[in-house]
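# My questions concern the predicted model and sequence given below.
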There are 4 protein chains.
Amino acid sequence: MFSCLSPGALGLTLDHTDAVDLASSLGFGGVDPDPSYFSSLPSRQAVVEHGDAVREKGLRWGIAGLPIGLDAPAEEFRQALAQLPDALDLLTAAGVSAVGTWIRPMHEDRDHRENWRLHVGRLALVAELLADSGLRLGLEYIGPKTFWSTERFPFIHGIREARELIAETGAGNVGLILDSYHWYTAGESAEDLAGLTDADVVSVDINDARDDRERDEQMDLDRRLPFATGVIDLDGFMGAVRDAGYTGPVKVEPFMKELAEQPIAQVLTDIRERTDRAIGAV
Amino acid sequence: MFSCLSPGALGLTLDHTDAVDLASSLGFGGVDPDPSYFSSLPSRQAVVEHGDAVREKGLRWGIAGLPIGLDAPAEEFRQALAQLPDALDLLTAAGVSAVGTWIRPMHEDRDHRENWRLHVGRLALVAELLADSGLRLGLEYIGPKTFWSTERFPFIHGIREARELIAETGAGNVGLILDSYHWYTAGESAEDLAGLTDADVVSVDINDARDDRERDEQMDLDRRLPFATGVIDLDGFMGAVRDAGYTGPVKVEPFMKELAEQPIAQVLTDIRERTDRAIGAV
Amino acid sequence: MFSCLSPGALGLTLDHTDAVDLASSLGFGGVDPDPSYFSSLPSRQAVVEHGDAVREKGLRWGIAGLPIGLDAPAEEFRQALAQLPDALDLLTAAGVSAVGTWIRPMHEDRDHRENWRLHVGRLALVAELLADSGLRLGLEYIGPKTFWSTERFPFIHGIREARELIAETGAGNVGLILDSYHWYTAGESAEDLAGLTDADVVSVDINDARDDRERDEQMDLDRRLPFATGVIDLDGFMGAVRDAGYTGPVKVEPFMKELAEQPIAQVLTDIRERTDRAIGAV
Amino acid sequence: MFSCLSPGALGLTLDHTDAVDLASSLGFGGVDPDPSYFSSLPSRQAVVEHGDAVREKGLRWGIAGLPIGLDAPAEEFRQALAQLPDALDLLTAAGVSAVGTWIRPMHEDRDHRENWRLHVGRLALVAELLADSGLRLGLEYIGPKTFWSTERFPFIHGIREARELIAETGAGNVGLILDSYHWYTAGESAEDLAGLTDADVVSVDINDARDDRERDEQMDLDRRLPFATGVIDLDGFMGAVRDAGYTGPVKVEPFMKELAEQPIAQVLTDIRERTDRAIGAV
């Protein structure tokens, strides 16, 4: 595994080139790709060269967002499919090898069975198209009850169903985005991660939770930095990730606005140190 | 359809023979069977004669409870299966033609997919055994959010999934128990009942809801008598039931303790009149 | 229902305008649309006018082929989706209201479960896109054992699974293409068609089978004209279609090369008479 | 793994005590339990002592047949469940730890989806009851096309669907009975066995096939002894079994009547040697 600087996950507004420089100077192992930067470059060759330059700095790519909404209306989904090859070409030109998205854990009208079929069908198709481009797909399940219980039909909000969904797609290039925050809010333990292999995990997020709220009261967008409160058993979580032989990016996604108000180098150094601690590199 | 006196649903403690007499004298069209009374009779022949006597009073049978917990632990379910023939024989001796149960709309550990498979598998088996005895099975879905959202994994809590569950059992003798309270709390409309036939409905419950609570705040065990508040569109509900060509029992299940404190004949007369109004017989 | 002239189904090579004229002069109630003819017209307005002209001759449209392979490789499927709006626009300009395709009843590598998921997912997506254009989709299941048993994994080859597939798409605009030949080779009876409504059937094909072969030896592409041998109970089949309240096209699809060698008017008159007999118009 | 003497699989009629003695004297690692022998013993204690005696000879138990037909009519299945505790108690008294059954790979009336649900539901229930008794269940899929293609609805006839079925039961005590004959006739390779662990395999059968027939012409009950013809890649098969870390019984199930006509010790010595060769102990 390697620590990955993801400005978006940190709520920071950074030019992509600055993010690359900071990731390099502050000792991160990687940085998230920025498709909008890639598309601003004058040619495909320039994107290839940018990827080369990032690698030459010793950095690996994190994951990009899947440029398609899995549960969008059919026509919107169709249009995203029509445009998919161009979007994927930019990513592969830069050397990016994985994209990710999350599963909306509820729906007002579509019940669990209907939503399951929609996700299986669309995921299978998207996964095959990604595989044609050599890309993997990471899927993140969302744990907080304050989120999944807000509409009529709760959907996938735990690891077992997320893994069953992936299995049903029949795809070999789809895995989980494991976030300690969702793992905790879903009431899961290290045991729930047993048996995972590197092929089953595409990205790992580490976060802590507020210590003045019960598990079922935690809010998805109100988290704490890893090791900040100790509410989440990050050692147990990362131990299981290590046992899986995981080799990909590890990042922090706290959704804390305060971070943007502090000196950037200081924030990122702190983030990098917490990530390294989680990885066990320190 | 016919109005059916169900003391249990009304929260009244009545000897079965008193219930039969009251149903007859107060103008109900039927009465719920009481398996414990049946088993207290000295012989199977006595049960047959009791059934004959009830019919001679012009009464039809409502439905009995399914003597088996669909989601019980395996060994408990196995034992109930072992004892099922005797239980069913008592019912058929009396001339009862349908049993019913409800679907628990959530589970703390079993997620939706796991719970679905458990229900399909057990329902299919039980339905075939009931069919061997000439019995139909009614399944009631439970609508209130204050119920289905209380454990980690919400399960069936609307008519679409309930019907899909029944379809997946492949059984021809399983239908719905339609309760206006669940239909309302599930946010359903007459349109959701379109296309139903008499074969799809085994029993109908009519209730109203409190008018000082929002739909998602209604409690399963705190209801109102039909037409009491007008919160539930009983005319729309019963119109759809009528369009389905429904021929079975209609009863009131208010879970109101106050009823037990009032003069029994007065309570039952009121219940019968409200039921008749719903049926449209008045 | 109405008799529909479908040159392709008859194995005849007819210019679309000749087909329209012959359908009109020989007393058919409709004619199949020809998308390649539509796209040869100079403008969308010309297609609209062609549709008007056909209707003015008293003809209704049969169904066009779905311009997308449901089980194509992902990239091919994606490309067909990208081009779908243009293809559908031509059809709707002409006033066509339904398209159809068939389900390949076996696969060498994809087992039943995998194939099911692929079909559910893609069908749901395609159906929603068709619905956006106001089009219905007819699905034909294929009955002959000499077909479905030729690869490792047999797939849908009967009406029950075909209907379950349609139900799982959740689409209101998908129905069956019922072909008496598949109904017969699938070992089905009028009972299997009970409960169908007009909404469940998009098109009807009538054919007979060879009388020198057992049911399981019948070949998909070696059929007989309706009423030719009496092997298939066309009266039972069409009686069930009538009971469903079916209002769409009825055509003959014999896959008999001999037809192309006979005088066209004579062949089509015979076809029209057989179709009318099946419909019961004579 | 250990070589297991299974007289039934060899088509030999042996008293259970003779089988135990021969297994011991001829160097087998285990022997199949014989429930009818167990039930002939005068007491549960005698069964316990028999199990002790077998273990003292250095023998381990193979697997017993599951005393219940998974796809029996509901009433027959119910009766088998009613009697299950007694049957399992005999097995556990003797120290048997696993039972096994096979999946009928086709059905004349029940289509794939219906059959799947029946198997998932009943398997889940039976597996939980077996788990309560500390028993594992082995499931054997059947590969020959000459078998699965003989009725209207082919069912599970390959390892992928067999594993998916097991996964859907949610049971931790159900695994495969892997038979090289089914693996070969299903067109599978060592790759299809990749990723299996000891927990996924309950028993292993090794057989060879006739060398004068194509794969799709092989008959289920006309096999050859392991290594007899070389048609089946037993080295590839057993290599994969070894990679899975498999620790259970390995036996030969040739369905060859000729074996019963040869001197028993000679036959069993040959069988034991072939099994040892497959296991790699020689």
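Cool, the structure landed.
# For the stretch 1-150 of chain A, give me the ranges with low pLDDT.
Within the stretch 1-150 of chain A, not a single segment meets pLDDT under 70.
# Quick one: the helices in it, in order.
Ranges of helices within the stretch 1-150 of chain A are A:7-10, A:16-25, A:35-40, A:44-56, A:74-94, A:112-132, A:145-148, based on DSSP state H, counting those that start in this stretch.
# For the second one, name the packing helices and strands.
Helices and strands touching helix A:16-25, by 3 or more CB pairs under 8 Å, 6 or more residues apart in numbering or on different chains; DSSP states H and E, are strand A:2-5, strand A:30-31, helix A:264-279. Where C-beta positions appear, they are placed from N, C-alpha and C, glycine not excepted.
# which residues are there in the stretch 1-150 of chain A that come within reach of chain B?
Applying CB under 8 Å from any CB of the partner chain, one finds that the stretch 1-150 of chain A approaches chain B through A:D111, A:H112, A:R113, A:E114, A:W116, A:K145, A:S149.
# got a winner among those for most neighbours?
A:H112 (26 neighbours; other CB atoms under 10 Å in any protein chain shown).
# Which residue, neighbours along the chain excluded, lies closest to it?
Of all residues not flanking A:H112 in the chain, B:H112 sits nearest, at 4.7 Å (CB to CB, 6 or more residues apart in numbering or on different chains).
# Pick out the residue of the stretch 51-200 of chain A closest to chain C.
Going by CB to the nearest CB, chain C is nearest to A:G121 of the stretch 51-200 of chain A, at 1.8 Å.
# Neighbours of that residue, how many?
For A:G121, using other CB under 10 Å, the count is 24.
# In this structure it contacts C:R122, no?
Yes - using CB atoms under 8 Å, A:G121 is in contact with C:R122, at 6.4 Å.
# So which bits of chain A are right by chain C?
Counting by CB under 8 Å from any CB, the residues of chain A that sit close to chain C are A:73-75, A:77-78, A:81-82, A:84, A:114, A:117-118, A:120-122, A:124-125, A:128-129, A:132, A:168-170.
# and the stretch 151-282 of chain A, which of its residues are near chain D?
A:E164, A:A167.
# any weak-confidence spans in the stretch 151-282 of chain A?
For the stretch 151-282 of chain A, applying pLDDT under 70 flags the ranges A:282.
# swap the cut-off to 90 and go again
A:255-258, A:260, A:281-282 (pLDDT under 90).
# just the strands in it please.
Secondary structure of the stretch 151-282 of chain A (DSSP state E, counting those that start in this stretch): strands at A:153-154, A:174-179, A:201-206, A:249-252.
# deepest of the ones you listed, which one?
Of these, the one with the most neighbours on average (mean count of other CB atoms under 10 Å in any protein chain shown) is strand A:249-252, at a mean of 27.
# Packing partners of that one?
Against strand A:249-252 (3+ CB pairs under 8 Å, 6+ apart) you get strand A:2-5, helix A:7-10, strand A:201-206, helix A:264-279.
# Just want the angle from the last one to strand A:201-206.
What it means is helix A:264-279. Helix A:264-279 and strand A:201-206 meet at an angle of 120 degrees, taking axes from the mean of the first three to the mean of the last three CA atoms, to 10 degrees as the criterion.
# which residues touch helix A:264-279?
A:1-5, A:10, A:12, A:14, A:22, A:26-28, A:206, A:225-227, A:234, A:238, A:250-252, A:259, A:282 (CB atoms under 8 Å, 6 or more residues apart in numbering or on different chains).
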